[in-house]
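Asker: no sequence for this one, just the structure:
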């Protein structure tokens, strides 16, 4: 239980007024982005992921201002990870903010969240899965149909560079989309600096997570070292990277259209896969995408990787075996030109 008392509010030093965009211009840009991607519709019930940091605080203020115009109902959800001594102060700040804006708020501690799947071992991935699990629970509780996240343009660039360093696929390099499932990102084209400028001009305080400055995390090293180096080489680098991401998204959309169309030709109504026709396709890349689509269509719990997809394709190509243990609990069975995913005991 968090007491309603004055929180420890922190903000960066104010910037000169002349460098700040007009608040209305920023709001209009966010509205135009939401309209262009149909992120918000009348009657939507939206859960805002509220950390108390500048990005989610701006998103909360903007959606609070627009809720009457868009005829939507908004809620907020704050997860206390418990990783910092002052994390309870962030929760208290969020409580007061939502009380001021008349937004129902759900607060939970990470120790009470049970994950249904394993993480990749990183603290960042653990935090992401904890938040997603919590947000989904809040969404169900309030019968919401959308969850608004405060990712912005700088986050988009950092995500692209992280995935580039890790050797991601085209889909991975396409980075974050304005909407994916119930998740919407109204700030995705807004640079971080403009978010902070707007908050300073409106004299809105927010919480600051000191770990964002630490180079212990890859994202922070990219933010603090790599991106400034790019900017010192060419001041247009951030804009150019965003352009590249948009082009990769267009390419990925085309590839997904081809993949889905081909999958429909190869799969039976009950999602068994015509593997002989699959193996006859001229592109190994397309074969992997179709196998990935097949696994998703069968709603299997799995961690996608090129290694896994290649393992499946090798089995489908083999002539000496018609049964393959895929991973704990599931197997692939080949019969009459089709591959079927079955529980391991079958």
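Answerer: Sure, I can see it. Please read these numbers as outputs of a predicted model, since none were measured by experiment.
Asker: When you work out contacts or count neighbours from here on, use the C-alpha atoms and nothing else.
Answerer: Will do.
Asker: which residues of the stretch 151-300 of the chain fall in helices?
Answerer: Assigned by DSSP state H, counting those that start in this stretch, the helices in the stretch 151-300 of the chain fall at 153-165, 170-173, 192-201, 218-221, 227-233, 237-266, 275-279, 284-297.
Asker: Does anything pack onto the fourth one? Which helices or strands?
Answerer: It refers to helix 218-221. Judged by 3 or more C-alpha pairs under 8 Å, 6 or more residues apart in numbering; DSSP states H and E, the packing partners of helix 218-221 are helix 153-165.
Asker: Measure how the helix it packs on sits relative to helix 237-266, angle-wise.
Answerer: Interaxial angle, helix 153-165 versus helix 237-266 (axes from the mean of the first three to the mean of the last three C-alpha atoms, to 10 degrees): 60 degrees.
Asker: Next, the angle from helix 153-165 to helix 192-201.
Answerer: Going by the same axes, to 10 degrees, helix 153-165 is angled at 150 degrees with respect to helix 192-201.
Asker: Go through helix 153-165 and flag the buried ones.
Answerer: 153, 154, 155, 156, 157, 158, 159, 160, 161, 162, 163 (16 or more other C-alpha atoms under 10 Å).
Asker: got TSV for these, with pLDDT too?
Answerer: What follows is the buried residues of helix 153-165, written out as TSV (pLDDT from 0 to 100):
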residue	pLDDT
153	97
154	97
155	97
156	98
157	98
158	97
159	97
160	98
161	98
162	96
163	96
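Asker: Same list, the residues you listed, but as TSV with distance to residue 33 please.
Answerer: Formatted as TSV, the buried residues of helix 153-165 follow (distance: C-alpha to C-alpha, whole Å):
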residue	distance to residue 33
153	12
154	16
155	17
156	15
157	18
158	20
159	20
160	20
161	23
162	25
163	25
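Asker: Nearest to residue 69, out of the helices of the stretch 151-300 of the chain?
Answerer: Nearest of the helices of the stretch 151-300 of the chain to residue 69, taken as C-alpha to C-alpha: helix 192-201 at 20.8 Å.
Asker: Can you pull up the most central residue in the protein?
Answerer: Central residue check for the chain by C-alpha atoms, centre = their mean: the C-alpha nearest the mean position is that of residue 176, 6.1 Å away.
Asker: wouldn't it be in contact with residue 158 here?
Answerer: No: counting by C-alpha atoms under 8 Å, residue 176 sits too far from residue 158 to count as a contact (10.6 Å).
Asker: which of the buried residues of helix 153-165 lies closest to residue 344?
Answerer: Of all the buried residues of helix 153-165, residue 163 has the smallest distance to residue 344: 33.3 Å, by C-alpha to C-alpha.
Asker: For the closest one, give me its contacts.
Answerer: The contact partners of residue 163, taken as C-alpha atoms under 8 Å, 6 or more residues apart in numbering, are 172, 173.
Asker: Pull the distance from stretch 256-267 to the chain's centre.
Answerer: With C-alpha atoms, centre = their mean, to the nearest Å as the basis, stretch 256-267 stands 25 Å off its chain's centre.
Asker: quick one: contacts of it?
Answerer: With contact meaning C-alpha under 8 Å, 6+ apart, stretch 256-267 is reached by 273, 274, 275, 277, 278, 286, 289, 290, 293, 294.
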